Structure formats: C-alpha cells, structure tokens
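K.L.:
Structure of the sequence below:
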Amino acid sequence: KGSICAMTERILREAGYRTGFYPSPYLEDFRERIQVNGELITKEALTRITERVASVADMMEDHPSQFELITAIGMLYFLEQECDFVVLEVGMGGALDSTNVIDAPETAVIANIGLDHTEYLGDTIEKIAETKCGIIKSGSSVVSYPNVSSVMEIIRNTCKEKQVPLYEAKDAESLYRDLYGQKFLSEGKEYVLSLLGNNQIRNAATVLSVVEALRDKGHAIPEEAVSQGLSQVKW
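P.N.:
Below is the predicted model:
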C-alpha cells in the first residue's frame, strides 16, 4: 500500500498538483504521517491542530483511537493547505478504517492482499478481500493489483454491485535492474523505477492503472510526469 501511494503522490506532484499524503506508519519522524507536496506537516501546525482535535475528542464519551485522531488532524491540515489531491493510505482493512470516512474517492485502490491482521480482518484472503472492498463506493472508480483469482472475483463482483468501473493492473516485464533502480516495460512503454524488487514492478503497474483511471475522470497527467514520478519516488 505504501509504495503504491508514494508513487501515485509523486506522479501527481510532478503533474503540477498540490498533493496531500497520509501514509502509515512513520519511520523516523511522526510528522511523516501528514505531508503536503513532499513536505512534512510543520511542528506549529501539528501542535495547533492537535489541540483543536483534542478539545473535541476529550468531550466524547466514546473517545477516538490514536489513529482516528491522527486521521482527523491530517484531514484538517489538508483542508487548510487546499490540496488538489489527497492520497490516503488505509491503516488496516478498509470498511471500518478511519480513512474510509470520506465520500467516494476519485479512485479507490486495492493493493496486494495477503494474510495480515487475521484476528481483525478474517482468516482467509477471501474474507480479508471482502473487508478491503469496503472502500469501494458508488461514484468512484477502482484499481486493483493483480491479485489471485478468488480475490479478483470478489473485487469484480463488488464493483459490479456498486456499478463502478474497475481497472486491473496490466502485465509488466522487468528489463534491467541494479542497486539504483530498475527498468520495466508495460504496454509497449519503458519506465525507470527508483524502487527495487519484482513486487515494486507490479506495484508500479498498478499505479499506471491509477493514472489511467484519473485521466478517464478528466484529470491532466502528462506522460512526462508519470516517467518522472516513477524515477524520482522515494519510499
């Protein structure tokens, strides 16, 4: 999820959009969780908005979780910063995740589904897939990583039920790699990707479908921005 979000955010930024990015978890600095145009939320803004959110949360009988509080802080900051796009990484699952409070997104993305958080999401990938599909809403479009056939069937059926278009990641072929990145081929076009591993090529192919879905909704994303975003992305 994180890699797909990072690639998508960088491509949109290269296309000239003002981007909000909400990844999780952080590695070195808590402020990594809330970014605008690649810059971490300022300490001043984090303090100010946290105090605002805390004052409301402390009056609630059912006190929000830490993740719910952070999500609210991020939403307020992205609103303040007047972002064109916000790339939200779901924390866990989908249907009941805090990030799913939003209305139908421009595009909902289903990443590679494995046996994670089984105590909360279910003990089979099919059960987990059903939970993940909770982010699919009428009025959106959906992009899926090339998951196994049983998972894809669930995603396709959910999209059909919600009457939303589904974009399935295309095949991608590795051409070259070294310690600094790799080159891959997708639909006759060559791309350089700064991230390593076969899994990242499949993630990048998923992101190319995200770009296709956003273009179909009328958003201008030049091919140069796609190439630059993939070659410059850091994760």
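K.L.:
C-alpha only now, for contacts and for neighbours.
P.N.:
OK.
K.L.:
Would you mind writing the CA trace of the helix or strand encompassing Glu190 as PDB?
P.N.:
Per DSSP states H and E: Glu190 is located in strand 189-193. Output of strand 189-193 as PDB, limited to C-alpha atoms (Å, rounded to 0.1, in the frame of the first residue of the first chain):
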ATOM      1  CA  LYS A 189       6.400   1.800 -22.900                       C
ATOM      2  CA  GLU A 190       9.600   1.700 -20.900                       C
ATOM      3  CA  TYR A 191       9.800   3.200 -17.400                       C
ATOM      4  CA  VAL A 192      12.600   3.600 -14.900                       C
ATOM      5  CA  LEU A 193      11.600   2.900 -11.300                       C
END
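K.L.:
just checking, what packs against that strand?
P.N.:
The contact analysis (3 or more CA pairs under 8 Å, 6 or more residues apart in numbering; DSSP states H and E) places strand 189-193 against strand 181-186, helix 223-232.
K.L.:
What are the buried residues along it?
P.N.:
Tyr191, Val192, Leu193 (16 or more other CA atoms under 10 Å).
K.L.:
Within its sheet, name the partner strands of it and how each one runs.
P.N.:
strand 181-186 (antiparallel) (DSSP bridges).
K.L.:
what comes into contact with the strand it pairs with?
P.N.:
The contact list for strand 181-186 (CA atoms under 8 Å, 6 or more residues apart in numbering) reads 170-177, 190-196, 201, 205.
K.L.:
The residues you listed in strands, which ones?
P.N.:
Residues of the contacts of strand 181-186 located in strands (DSSP state E): Glu173, Ser174, Leu175, Tyr176, Arg177, Glu190, Tyr191, Val192, Leu193.
K.L.:
Can you give me the pLDDT of Ile128?
P.N.:
If you check Ile128, the pLDDT there is 85.
K.L.:
now the helices and strands packed on strand 189-193 as JSON lines including mean pLDDT?
P.N.:
Converted to JSON lines, the helices and strands packed on strand 189-193 look like this (pLDDT from 0 to 100):
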{"stretch": "strand 181-186", "mean pLDDT": "96"}
{"stretch": "helix 223-232", "mean pLDDT": "98"}
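K.L.:
Need those in CSV (columns: mean neighbour count and distance to Thr19).
P.N.:
Compiled in CSV, the helices and strands packed on strand 189-193 are given as follows (neighbours: other CA atoms under 10 Å; distance: least, CA to CA, whole Å):
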stretch, mean neighbour count, distance to Thr19
strand 181-186, 18, 24
helix 223-232, 18, 13
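K.L.:
ok so, going back, let me know the closest of the ones in strands among the contacts of strand 181-186 to Leu166.
P.N.:
Glu173 (22.2 Å; CA to CA).
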